[in-house]
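Engineer: Using only what follows, build the 3D model:
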Amino acid sequence: MRDCLNHRAGFDRVLMTVAATFLTVSASSALAQDQTRSSAAELAIEAAIPRPEPANVPPPTASDIKPDTTATVQDSAKEPTKEPVKAEAAPAADKVETKPSDVATTPATDAPKNETAKTEPAKTEPAKADTATATPAAPAAPAAAAPAAEPVKAASNVPAADQPVADRLKDIIGAKTSRHFDRKNERAAIEKFYGARDFAPVWTQAGGLTNAAKGVIARLKDAASDGLNPADYPVPDFAAATTPDALADAELKLTASMFDYARQAQSGRMHWSQVSGDILYPEHPTDPSEVLAKVTTAADASAALDSYNPPQKLYKELKAKLAELRGQGNGPVIEIADGPALKYTPAGKKQAEIVVEDPRVPQLRAKLGLAENASDTRYDAAVAEAVRKFQSGAEMKATGILDDKTVKAINTPKRDKQIDVVLVNMERWRWLPRDLGTPSLGDAYVILNIPDYTLKVMQRGQPVWTTRVVTGKPGTHATPLLTETMKYITVNPTWNVPPSIVYNEYLPALQQDPTVLQRMGLKLEQNRDGSVHISQPPGEANALGRIRFNFPNKFLVYQHDTPDKNLFAREDRAFSHGCMRVQNPDQYASVLLNIALPNEKYTPERVRSMYGKSEIDLKFPTPIPVNITYQTAFVDDGGKLQFRKDVYGRDATMINILKNSRGKDLENVVAHTQPSYSRPATTLPSGVAVANNGGSSGLNFFERLFGGGAPTPPPAPVGRRPQQQRVFTR
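Structural biologist: Purely as a prediction, here's the structure:
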């Protein structure tokens, strides 16, 4: 019993010691809580100071202390440090705000007081540690670290006001660019250009038009003055575009119209292959990337876009005359009164010059653009020549006589037709190369105008020499339109008869008369493959005369002298098989040789001294371009608009295409079959003299003519039915 009591007394002492310890700890905790409540402002300041996150352990609960526990005070004190817990992300300020109610909520009613006494200090002690032992930490650091884990978007250079439009442009260009741009190179240019500027719009800023946009729009709306159709280059309504979608759509539509204008201004509304198979000019397409860069960076966007039109003087003069024709209806119209027919008679061997006078002549001079002697009433040679040219251009008989029919035509010109003719001639200028000449030779070149039957040698922008020419007959013998380079001149040429003449004219003639070629001085050879070659040796009677001017081309045409000099006196001179006969070949040769070989001092006399029986080739170190054109409307040296007869019907074909086709359909390329230089085997009639039966080398006509292989034909466009290609001859 005593032992029990002794043990009881010992147990009581332990309980008293624990109780005293509990009271001491509780008092300290209460004091800390009072201090917390009394210094909330200080705690707020401390919470704002970065501090490291404390590695706290959670306070023990009632389940952590069993009723039969025998743990000592020391064991209880060590318990929280046994299992460290991962630091929490909650701010330290939330942990130090331990309320008295937190202690009161401990389940005291369900446990003996001694158990509660054990539990309470375990719950409040960590709170004390939060406020007293915490070292500086950043409570906001975990919150700030969360966004840093996401990829950071690069800063945009697009102004905020344009960003919505840029976003829409990016979407459209990325997925729907083909809706605005049909051509692959244009789509590629758009993607590169807008991608480099973060898809920022170039035609608008904050919804308003830029200066570049205003310049482009002004040029597109004035396309008619350039001989183009403004309807082909629609201008979007930026004023009505009030949303990012609408502005992005208008942006790309204006860019597409700019591309179309630049392309057609430079290369033409229609491709030359649509007009005829006897036209071949070098392609010079626009580069969409270059157009974008040039126009958007230019100080004057309108002028930059206008620069894609032909730079030649004759084109610009036609443009000025087009403006005059369109504006003449608003001014007074000069009317020539009816009266007697006026005729000028030049002086002859048996009669003197006859010049009549008439009061209508000053009006006639003004109407025909004769500024010199404007008040002169005499119907002299100058007036008669102007009347004759007018008659020729109006497709009338060119007599030079002012009769009633001519007066009526002068008073009632078909102005709409004249405008159409000027338009198609401006179009043909777009087909020609931008640089007609050779820079190293002072921009020298040859230009031959078929309807005017004239050839000019140009250098440094001025005519150096001019002569008359005879061109091909209308139809299958029409002279082709082309640009090539003259590489050499042949003095005393051999005439290699073109295959068309051989098979269409000479072989049928042999069936009638086997000796006809021999009597004409022509030599017939039959190749090993059975084909026939006919030639005429050099000499005074040679069909090519004394000189041939060579610019190898697939149409097998060239320029040459002729023994038939009488044809140059005629007004209409379309008589050849396609080649061009030159009136003064010795002078022409000396002019070209002095350009190509300036140190050689060639004269017409020196050229003529080479005439003989052997071929002599005079090669040019630098080839000279030859441009064969078809100008039925042009401005002469006196500033007068001249019209010529549409001898090959080119104007009519082009006007019909322009008026009955629309937009980009005009640019379609038509494939034409290429000429064949192989000829069929032929059975010759008996009695025909053959120069070397079976011994010929078998060279085709091109090789015999130009001394080399046949030119490589350009690739035919895919998907087009080829039209029969005509072969052109002398």
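Engineer: Quick one: residues contacting residue 178.
Structural biologist: For residue 178, the contact set (Cβ atoms under 8 Å, 6 or more residues apart in numbering) comprises residue 187. (C-beta placed from N, C-alpha, C; glycine too.)
Engineer: State the distance from it to residue 184.
Structural biologist: Here residue 178 is placed at a distance of 9 Å from residue 184 (Cβ to Cβ, to the nearest Å).
Engineer: right, and residue 691 touches residue 522 too?
Structural biologist: No - between residue 691 and residue 522 no contact is recorded; they are 9.8 Å apart, counting by Cβ atoms under 8 Å.
Engineer: Looking at the two, which is more packed in?
Structural biologist: residue 522 (18 against 14; other Cβ atoms under 10 Å).
Engineer: List the residues that contact that one.
Structural biologist: 497, 506, 534-536.
Engineer: Ok, residue 342 next?
Structural biologist: 356, 358, 360-361, 379, 401-402 are the contacts of residue 342 under Cβ under 8 Å, 6+ apart.
Engineer: returning to what we had before: including neighbour count, distance to residue 621 and secondary structure, could the contacts of residue 522 go into CSV?
Structural biologist: Converted to CSV, the contacts of residue 522 look like this (neighbours: other Cβ atoms under 10 Å; distance: Cβ to Cβ, whole Å; DSSP: H, G, I helix; E, B strand; the rest coil):
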residue, neighbour count, distance to residue 621, secondary structure
497, 24, 31, coil
506, 17, 38, helix
534, 21, 34, strand
535, 15, 29, strand
536, 19, 30, strand
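Engineer: now the helices: where do they sit in the stretch 151-300 of the chain?
Structural biologist: 163-175, 184-196, 211-221, 244-267, 288-297 (DSSP state H, counting those that start in this stretch).
Engineer: From the chain's centroid, how far away is the following helix or strand past the last one?
Structural biologist: It stands for helix 288-297. Toward the C-terminal end, the helix or strand that comes next after helix 288-297 (DSSP states H and E) is helix 301-306. Its chain's C-alpha centre and that of helix 301-306 lie 14 Å apart, by Cα atoms, centre = their mean, to the nearest Å.
Engineer: So for helix 301-306, what gets flagged as buried?
Structural biologist: By 16 or more other Cβ atoms under 10 Å, the buried positions in helix 301-306 come out as 301-302, 304-306.
Engineer: what stretches of the protein score poorly on pLDDT?
Structural biologist: Applying pLDDT under 70 to the chain picks out residues 1-155, 176-177, 327-333, 413-414, 662-664, 674-681, 687, 692-730.
Engineer: Nearest to residue 482 among the contacts of residue 342?
Structural biologist: Within the contacts of residue 342, the smallest distance to residue 482 is 37.9 Å, found for residue 401 (Cβ to Cβ).
Engineer: wait, the closest one sits on residue 341?
Structural biologist: Yes - look at residue 401 against residue 341 with Cβ under 8 Å: they come within range, at 5.8 Å.
Engineer: neighbour count winner among the two?
Structural biologist: residue 401 (17 against 14).
Engineer: How about the more buried one, nearest residue that isn't a chain neighbour?
Structural biologist: Nearest non-adjacent residue to residue 401, counting by Cβ to Cβ, 6 or more residues apart in numbering: residue 343, 4.7 Å away.
Engineer: same check, this time on residue 252
Structural biologist: Using Cβ to Cβ, 6+ apart, the closest residue to residue 252 is residue 180 (4.4 Å).
Engineer: same question, residue 200
Structural biologist: residue 158 (4.4 Å).
Engineer: Count the residues that sit near the one you found.
Structural biologist: Counted with other Cβ under 10 Å, residue 158 comes out at 17.
Engineer: next one: residue 359
Structural biologist: 9.
Engineer: Also residue 296?
Structural biologist: 19.
Engineer: what residues are up against it?
Structural biologist: Taking Cβ under 8 Å, 6+ apart as the test, what residue 296 contacts is 202, 212.
Engineer: Can you give me the separation between it and residue 305?
Structural biologist: For residue 296, the distance to residue 305 - Cβ to Cβ - is 11 Å.
Engineer: before we move on, what about residue 600?
Structural biologist: 45 Å.
Engineer: In this protein, which strand is the longest?
Structural biologist: Scanning the chain for the longest strand, with DSSP state E as the assignment, gives strand 616-629.
Engineer: Give me the contacts around that one.
Structural biologist: 428, 432-433, 436-438, 440-441, 444-450, 479-492, 551, 559, 580, 589, 592-593, 595-597, 610.
Engineer: Please repeat the previous calculation with a cut-off of 6 Å.
Structural biologist: 436, 440-441, 444-449, 481-491, 551, 596, 610 (Cβ atoms under 6 Å, 6 or more residues apart in numbering).
Engineer: Just the C-alphas of it, formatted as PDB.
Structural biologist: C-alpha atoms of strand 616-629 as PDB (Å, rounded to 0.1, in the frame of the first residue of the first chain):
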ATOM      1  CA  ILE A 616      33.100  38.200-147.700                       C
ATOM      2  CA  ASP A 617      31.800  38.200-144.100                       C
ATOM      3  CA  LEU A 618      32.400  41.400-142.100                       C
ATOM      4  CA  LYS A 619      31.800  40.400-138.500                       C
ATOM      5  CA  PHE A 620      30.800  42.800-135.700                       C
ATOM      6  CA  PRO A 621      32.800  42.600-132.500                       C
ATOM      7  CA  THR A 622      29.600  43.700-130.700                       C
ATOM      8  CA  PRO A 623      26.300  42.700-132.300                       C
ATOM      9  CA  ILE A 624      23.800  45.500-133.000                       C
ATOM     10  CA  PRO A 625      20.200  44.900-132.100                       C
ATOM     11  CA  VAL A 626      17.600  44.900-134.900                       C
ATOM     12  CA  ASN A 627      14.000  45.600-133.900                       C
ATOM     13  CA  ILE A 628      11.200  45.000-136.400                       C
ATOM     14  CA  THR A 629       8.100  46.800-135.400                       C
END
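Engineer: What strands line up against that strand, and which way round?
Structural biologist: strand 445-449 (parallel), strand 481-491 (antiparallel) (DSSP bridges).
Engineer: Those: which one's closest to residue 172?
Structural biologist: The nearest among the strands paired with strand 616-629, by Cβ to Cβ, is strand 481-491 at 40.7 Å.
Engineer: And the next helix or strand past the closest one?
Structural biologist: Taking DSSP H and E, what comes next after strand 481-491 is strand 495-496.
Engineer: Tell me where the stretch 351-500 of the chain has strands.
Structural biologist: All strands of the stretch 351-500 of the chain, identified by DSSP state E, counting those that start in this stretch, fall at 356-357, 378-379, 445-449, 454-459, 462-472, 481-491, 495-496.
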